[in-house]
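[1] Starting from these lines, generate the structure:
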Amino acid sequence: MGTGGTGRARAQTGPGRDGPRTMAPSPGLGWAGQRRARAGHRSAPSPGETKPEKCSLLALDLPAPTAFEAFASAASPSSSSPPDRPTDPVTGDTMAGILWPSGLNGTAVPGWGNATAAAAAAKCSLTKTGFQFYYLPAVYILVFLAGFLGNSVAIWMFVFHMKPWSGISVYMFNLALADFLYVLTLPALIFYYFNKTDWIFGDPMCKLQRFIFHVNLYGSILFLTCISVHRYTGVVHPLKSLGRMQKKHAVYISALVWGVVVAGISPILFYSGTGVRKNKTVTCYDTTSDDYLRSYFIYSMCTTVAMFCIPFVLILGCYGLIVKALVYKDLDNSPLRRKSIYLVIIVLTVFAVSYLPFHVMKTLNLRARLDFQTPDMCAFNDRVYATYQVTRGLASLNSCVDPILYFLAGDTFRRRLSRATRKASRRSEAHLQSKSEEMTLNILTEYKQNGDTSL
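    Model (predicted):
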């Protein structure tokens, strides 16, 4: 052993933590150099042990193919590391708190990447309960039977027994026509729900079904608005409104309403349609598929504001002024007072039961499909969807309630209906009596021809 001016080196042999180790003298090395040498010897692998070199992920000093292969191996589903804790591709150490790409070669890696993107990719699967397959067809059967009978009678009355029409009769006839067209589409919808929502009538019929529903919905709202404004002008401004309440003006306004509704609802023919489920059954979308959901939501909000909210506010304003006029004017015993009160009650009931809940739940259901798709919101989405289905049935009830409006609030409708039914009853009785007399005569003639004189 010797010493030098710059330091000394000595040979040392002895057991270490990793087995025997030997340090050779290193003349010419300073004290710092000898420390580095000893540190290198301490970290050297023992015989038969292979320890991989560590690399810095930030420096990325590995050859690209080796790092890529190790990375792909770590991303594979068979990796022993948890998916949300990726491993160092070289050392196998678990790495936490590092943000990784969503996948390699276009493959998504579960648990990696942006949490927002992962949440957006997760979709709630709606749980459809049994009542949805029986509630809607039951409601539609009721609406079809009552609506077909009531609106058929109303159209028959307006066409054959209400001439000449008043302005309000024009609006009521168009309302009855819209309801009648809608109830004609209900048998296909009833079969659809009894068939476990498997649509068999083709894509064009599905589009037509949804189109007619919305035409009836918003056509009814706008015609009820016209009836309310007409009644308001008759009660609040009876003299000033005489020229505006003529039949020809009502005809022009009705044609305008049909044009606005058909033009405004025509996008439904694009958004609605059929789709094939995983179990190979065909659905008929009452709104639209997920592909067009964002733009449909914007369209739905526009139609809701233009064809529901604005008319509803206008109706409320008219009825507030009508009630004020009825309170302060001497209309205690007039038929106009009675018909106006019936109109206010029936129309507000229809809006409160049918139209308002439907539009609220439809908007909430669309919003849930768009933005409430996290796992903790799935149960809430199920409840929203089920409630929305209930309001869809309620929205169709107006087609069998509107005939009550004609009977109670229409101009001379009840009186003329009573007269028409009495006339039809007398005609039927006369026809039956004639048939009875004819049958009696035939029997007597037959007996006489057979020589039977027992009578």
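
[2] Pretty sure L208 sits against A188.
    No: between L208 and A188 there is no contact under C-beta atoms under 8 Å: 9.4 Å. All C-beta spots, glycine's among them, are computed from the backbone N, C-alpha and C.

[3] Could you pull out the buried residues of the helix or strand N151 falls within?
    Secondary structure assignment for N151, by DSSP states H and E: helix 132-160. For helix 132-160, the neighbour count (16 or more other C-beta atoms under 10 Å) marks 132, 135-137, 139-140, 143-144, 146-148, 150-151, 153-155, 157-158 as buried.

[4] show me what contacts the closest residue to Q132 other than its chain neighbours?
    Distance criterion C-beta to C-beta, 6 or more residues apart in numbering; nearest residue to Q132, sequence neighbours excluded, is Q389 at 5.2 Å. Q389 is in contact with 132, 135-136, counting by C-beta atoms under 8 Å, 6 or more residues apart in numbering.

[5] From these, which one has the minimum pLDDT?
    Looking at the contacts of Q389 by pLDDT, the weakest one is Q132, with 72.

[6] can you tell me which residues contact that residue?
    Q132 sits next to 193, 386, 389 when contact means C-beta under 8 Å, 6+ apart.

[7] The same query, at a cut-off of 10 Å, please.
    126, 193, 197, 385-386, 389-390, 392-393 (C-beta atoms under 10 Å, 6 or more residues apart in numbering).

[8] Check A154 too.
    By C-beta under 10 Å, 6+ apart, A154 lies in contact with 162, 172-173, 175-177, 179-180, 402-403, 405-407, 410, 413, 417.

[9] so T283 is in which element?
    Going by DSSP H and E, T283 is part of strand 282-285.

[10] Quick one: mean pLDDT for that strand?
    Mean predicted lDDT for strand 282-285 stands at 94.

[11] and that strand, what other elements does it pack with?
    helix 186-194, helix 203-236, strand 273-276 (3 or more C-beta pairs under 10 Å, 6 or more residues apart in numbering; DSSP states H and E).

[12] Could you dump the ones you listed into a markdown table with mean neighbour count added?
    Output for those, formatted as a markdown table (neighbours: other C-beta atoms under 10 Å):
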| stretch | mean neighbour count |
| --- | --- |
| helix 186-194 | 18 |
| helix 203-236 | 21 |
| strand 273-276 | 16 |
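
[13] mind checking which of those is nearest P335?
    For the helices and strands packed on strand 282-285, the distance to P335 is smallest for helix 203-236, at 11.5 Å, taking C-beta to C-beta.

[14] what angle do that closest one and helix 186-194 make?
    Counting by axes from the mean of the first three to the mean of the last three C-alpha atoms, to 10 degrees, helix 203-236 lies at 120 degrees to helix 186-194.
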